[in-house]
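Asks: My questions are about this predicted structure, shown below with the sequence.
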Amino acid sequence: MEEIVTRRNKVVYRDGDQIIKVFNETKPASDIFNEALNLARINEAGIASPQVLYVNQRDNSWVLGTSYIPGVTLAELMEQHPDRLDEYLTMFVDLQISIHQYTAPLLQRQKDKYTRMIRSLTDLLDATTRYELEMRLEGMPNAREVCHGDFNPTNVIVADDGKLYTCDWAHATQGPGAADAAMTYLLFALNDQDVAEKYLDLYCKESDTPKQIVRNWLSIVAASELARHRKSREDFLLHWIDITDYQ
Amino acid sequence: MVKLKKLPDTVENITTLDELKTAMGEMRQAQEVFATFDQKQVDAIFYEAAMAANKKRIPLARMAVEETGMGIIEDKVIKNHYASEYVYNAYKNTKTCGVIEEDKSYGYKVIAEPMGIVAAVIPTTNPTSTAIFKCLICLKTRNAILLSPHPRAKKCTIEAARIVREAAEKAGAPKGLIRWIEEPTLELSNRLMQDADITLATGGPGMVRAAYSSGKPALGVGPGNVPAIIDSSADIKLAVNSIILSKTFDNGMICASEQEVIALDDVYDAIKEEFLYRGCYFLNKEETERLRSVILINGSLNAKIVGQKAATIAEMAGIEVPPATKLLIGEVENVEPTEAFAHEKLSPILGMYHASTFSDAVRKAQRLVEDGGLGHTSSLYIDPSKQDKVQELVQAIKTCRVLINTPSSQGGIGDLYNFKMAPSLTLGCGTWGGNSVSENVGVKHLMNKKVVANRQENMLWFRTPEKIYFKQGCMPVALDELGHVMGKKRAFIVTDQYLYKNGFTKPVEQKLTEMGIAHASFWDVEPDPTLQCAMEGVKQVRAFEPDVIIAMGGGSAMDAAKVMWVLYEYPDVKFEDMAMDFLDIRKRIYSYPDLGKKAYFVCIPTTSGTGSEVTPFAVITDERTGVKWPLADYELMPNMAIIDVDNMLNQPKGLTAASGLDVLTHCIEAYVSVMASDFSDPSALQAMKLVFEYLPRAYDFGGDDLVARDRMANASCLAGIAFSNAFLGINHSMAHKLGAYHHIPHGIANAVLLPRIIRYNAAEAPTKMGAFSQYAYPHAKARYVEAARYCGVAGKDDDEVFENFIKKIEELIAHCDCAGTIKEHGVSEEDFLATLDEMVEQAFNDQCTSANPRYPLMSEMKELYLDAFYGREPSSYED
């Protein structure tokens, strides 16, 4: 069994034609089953993704098994060939827009997920700010598009045959694609504002979406990202949240 | 048994959904009591409440600034003062209880009723003044109000409401009419809006959207982004200082305050100089760029700058400005939303634009309004005499308020710079801003108006020609008036070939010549005149340019002449529009042109039948399409009718019979029409009596019985007067189609149907009765009986009189040798059945149908046709 990557709350291994995610002991069972269930729904919706295989327990830790897709991530390619960034970004945006065309009616509703995350922020945001965020979220449109929720180049696999697969569906919801794009923009912006702008230009052009529509989501996705409690990003995210509605 | 969670019995503070439910129950009870208060009681409460709020304007302003950290105490004092004093003053005499409007002559009354519980969402920018405003207008309208404050301004909002509540209760208001949510949450606000009767939502779009999606009615308002154009003709000092006054007010937090100045090139520098002179700061290029990143975060407004002083905001951007700086002004070019200065800024920051022309300024203003200010407010500084420019902006801009030479913060909320605009802190933005109201919200939006409408009768009129000459030998006298009194110079005679060739028009021409009136004639009118014939005639009319048109003949000549008259006076009229059916001639869509401007119109009938000499009707056929245009309008009424029996001596026997029976049908139908009145009845009755008495003699002796001929001429004219005002019924509707499809002479077609239609209309329980205000219940039978008795029909009771009346009609028809079925009048069964359904539909759709006392079903009309075709025994025709 070959270790691929170690993250904050899990270690990912490859075992032949399987990928095995071994979660920390503190990770609750519902999270693992939720990710497995999300992946199953995505598989059933027909979106190119690793197949869910099993959930079991090993040494007090939960384990999720999926199929292995031979290939490299888009993130690796971007790093190896910075000159081809535009080309990769286009592939990336097209893949995201194509995912938004799918529906999976039993996936969790995006508004429910964001509401939960905003409400969990009692330590970082005062009640007034949480109220304003909730109110803003409440007024956002509803939609039934499949949203990955953490769509970034590390989660896109370019298979050896050139086909694109998307993995890591733990945050998947159904809602407006613009919200999903806002999250991707934010993930880019955390590392590189220029790439983030490039991404937003491309996404809005390809999906024929006004930028304001995506931007309207930024305070909300920033709050949801804040709920992941990564200290280093807090100030950045809090700044994005500190806005007010026009009146 | 399942034990349900028990709601609290009574609630002090609302912090949970259960408490909200209980509190709203209590409020409903209080409001029901309040709903019984009269205007005097309400006004006393309104007065005390406004007074109390006004007294506390300073502490409330201080609280608001301390709690929210936004705005200026002194300005908030003015807002509180305004919300109490101006709102009281505007509505102190407004009736909001009981009858608020009454028009006795129209039998119309409007009664004001409260709506119930008003959910009031209060914003952070104007918390205390908005709370005072909403509480006061709810008290004035006998509503209860439940406030949902913004968490950032909850203490001062609640305090304002508490002050109003205490004063109201002291003045006699039921306890608990005004309440609030102690700890606002999304769930509580949403439930409140769902359970209240209406929501008054002021604040950001999220809140307003939530209000509109609550499923209950909402008065939500939209955001503003107010551009101010300064025209070359403007008073620059007034313009600049008004903008400074408005934009610095409460540190720019009023939604109606200016966001961008658009200055015409030729005054740009002068404007800039005045801004500088008055203590505003112009940012240089680099400072402008730095401020941009402070104004917007990802396209949204930075919460930290809202309601802050200019210097404080400058500091955030690392710009050093004098501490007393009034406004930060960025000189920018881009009007798209990517430009931070093109947005609403809720702070003392202005964007300033160049405009090369006034149209350029308008275009820029239009675009800026689209950046989040649709429907709200726009502002223009200009010399008021430049109305063309004012109009240009007014027409182009999608804002519900266009303020001229007015500081927009103060101007938009009303009653400060314009005293017709309702004072309000809730400004509707119309559908452009996604709102249900486009004006300033006030008490009228918080009342249910109950209209009590009495049944009223239609106002009727009675129309006849200006003059009707009658009696043998009256024609020369009448014509004399044309020359010697009216001074007419040129007469045009319209007639048919028979009359012209046989010298009937000679006496007219002689008299005209005698008086020195030039004259010409058109004598090509044929029976069932065509539009083409009228067109031909009107060519001659136009060439001749008469000041009087004289129609001489039967219905055809008079109808053709009426059409020529219209075409002579108005060559471009559309017959399709003129012939459009109407339900009520006084409410018709098409409005007839004013006739008589060029020519006076005189009719001289030579037959006794149509009554066209006194009617506002004409029928013309388009030869090319075969379409018959029935024209009806009082404009078509002749100016003068000359009923002289000397012109009628030579009517053939058959014509005498058929047209005489047409006259009888006219007066019988006019008498039972739903529009029959005291003014039309006498003509109808007298005409009927004359027909029964003189038609047999006129038929038997023709021109030899001068008296009979004369009385029939009068009968025809009287019947015309009756049905010009009371209209006809389905007897004519159906006869028209028998004539059109099977060429049965009109009078005969009427006679064939008449006895059956009388029975049909006389039904006491018809399937449907005619709908017309004065027609109270089906009573055609009583009317027939009344008419019968007038004509000398007797009987032991109404039923017998009714039967004898029909018998008398049938005898008259037989006397005139017109009896028989449709079949016996020469229509083949095959042809009849083939056209039956079409005839039925067209008869139903005939203009005459609507005045019939019984509203016919097409199936019933079909049976009536079949009965008259086969001569079936009449049935009772009861439903």
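Replies: Alright, I've got the coordinates.

Asks: For chain A, what lies in contact range of chain B?
Replies: A:127-128, A:131-132, A:134-139, A:211-212, A:215-216, A:218-219, A:239-240, A:242-247 (CB under 8 Å from any CB of the partner chain). For the C-beta atoms, the positions are set from N, CA and C on the backbone; glycine is no exception.

Asks: And the residue in chain A that chain B sits nearest to, its phi and psi?
Replies: Nearest residue of chain A to chain B, counting by CB to the nearest CB: residue A:245, 2.8 Å away. Dihedral pair for residue A:245: phi -80, psi 150, per degrees, to the nearest 10.

Asks: Residue B:205 is in contact with that one, correct?
Replies: Yes. With contact defined as CB atoms under 8 Å, residue A:245 counts as touching residue B:205 (5.8 Å).

Asks: just to revisit the earlier point, what separation do you get for the closest residue in space to the residue of chain A closest to chain B that isn't next to it in sequence and residue A:179?
Replies: What sits nearest to residue A:245 in space, not counting adjacent residues and going by CB to CB, 6 or more residues apart in numbering or on different chains, is residue B:204, at 2.8 Å. From residue B:204 across to residue A:179, the span is 19 Å (CB to CB, to the nearest Å).

Asks: pLDDT below threshold where in the chain?
Replies: Answering for chain A, as no chain was given. Filtered on pLDDT under 70, chain A yields no residues whatsoever.

Asks: let's do chain B instead
Replies: Along chain B, segments meeting pLDDT under 70 span B:1, B:875-876, B:879.

Asks: Just the ones of the residues of chain A next to chain B in helices?
Replies: Using DSSP state H, the members of those that fall within helices are A:127-128, A:131-132, A:134-138, A:211-212, A:215, A:218-219, A:239-240.

Asks: could you pull out the helices for chain A?
Replies: Under DSSP H, chain A gives helices at A:29-45, A:74-80, A:85-100, A:110-119, A:127-138, A:177-191, A:193-207, A:211-215, A:218-226, A:234-241.

Asks: Compute the inter-axis angle for the fifth one and helix A:234-241.
Replies: Between the axes of helix A:127-138 and helix A:234-241, defined by axes from the mean of the first three to the mean of the last three CA atoms, to 10 degrees, the angle is 60 degrees.

Asks: So which residues make contact with helix A:127-138?
Replies: Outside of helix A:127-138, the residues within contact range by CB atoms under 8 Å, 6 or more residues apart in numbering or on different chains are A:111, A:114-115, A:118-119, A:121-122, A:125, A:219-220, A:223, A:241-242, A:244-245, B:150-152, B:184-186, B:189-190, B:204, B:206-207, B:209-210.

Asks: near chain A at all, stretch B:235-254?
Replies: No. For stretch B:235-254, no contact with chain A is found by CB under 8 Å from any CB; the gap never falls below 8.7 Å.

Asks: so what's the closest residue to chain A within the stretch 351-500 of chain B up against?
Replies: The minimum distance from the stretch 351-500 of chain B to chain A, using CB to the nearest CB, falls at residue B:372 (5.1 Å). Neighbour list for residue B:372: A:246, B:223, B:225, B:337, B:343, B:344 [criterion: CB under 8 Å, 6+ apart].

Asks: now the residue minimising distance to the centre of chain A, nearest residue through space, not along the chain?
Replies: The centre of chain A sits closest to residue A:150, judged by CA atoms, centre = their mean, with a distance of 0.9 Å. On the basis of CB to CB, 6+ apart, the spatially nearest residue to residue A:150 that is not a chain neighbour turns out to be residue A:171, at 4.6 Å.

Asks: And chain A, what are its domain boundaries?
Replies: A:2-67, A:71-241 (automatic domain parsing).

Asks: Name the SS class of the residue of the stretch 351-500 of chain B closest to chain A, please.
Replies: Secondary structure assignment for residue B:372 (DSSP: H, G, I helix; E, B strand; the rest coil): coil.

Asks: Wait, the residue nearest to the centre of chain A touches residue A:166, no?
Replies: No. Using CB under 8 Å, residue A:150 makes no contact with residue A:166, being 10.1 Å away.

Asks: how about the residues of the stretch 1-150 of chain B near chain A?
Replies: With CB under 8 Å from any CB as the criterion, the stretch 1-150 of chain B meets chain A at residues B:123, B:125, B:150.

Asks: Just the buried ones out of those, please.
Replies: Using 16 or more other CB atoms under 10 Å in any protein chain shown as the burial test, the residues of the stretch 1-150 of chain B next to chain A include B:123, B:125, B:150 as buried.

Asks: for those, which one is nearest residue A:31?
Replies: If you rank these by distance to residue A:31 using CB to CB, residue B:150 comes first, at 35.5 Å.

Asks: what are the phi and psi values for the residue of the stretch 601-750 of chain B found nearest chain A?
Replies: Nearest residue of the stretch 601-750 of chain B to chain A, counting by CB to the nearest CB: residue B:625, 51.1 Å away. Main-chain dihedrals, residue B:625, degrees, to the nearest 10: phi -100, psi -20.

Asks: gap between it and residue B:574?
Replies: Using CB to CB, one gets 14 Å for the distance from residue B:625 to residue B:574.

Asks: can you check residue B:442 too?
Replies: Note on residue B:442: its distance to residue B:574, by CB to CB, is 45 Å.

Asks: same thing with residue B:237?
Replies: Going from residue B:237 to residue B:574 by CB to CB gives 57 Å.

Asks: go on, residue A:100?
Replies: Distance, residue A:100 to residue B:574, by CB to CB: 55 Å.

Asks: what about the two, which has more around it?
Replies: Using other CB atoms under 10 Å in any protein chain shown, the more surrounded residue of residue A:100 and residue B:574 is residue A:100, with 21 against 10.

Asks: so what's that one up against?
Replies: Counting by CB under 8 Å, 6+ apart, residue A:100 makes contact with A:145, A:146, A:147, A:177, A:180, A:207.

Asks: switch the cut-off to 7 Å
Replies: Counting by CB atoms under 7 Å, 6 or more residues apart in numbering or on different chains, residue A:100 makes contact with A:145, A:146, A:177, A:180.

Asks: Now do the same contact list for the last one.
Replies: Contact analysis of residue A:180 by CB under 7 Å, 6+ apart lists A:100, A:147, A:148, A:149, A:151.
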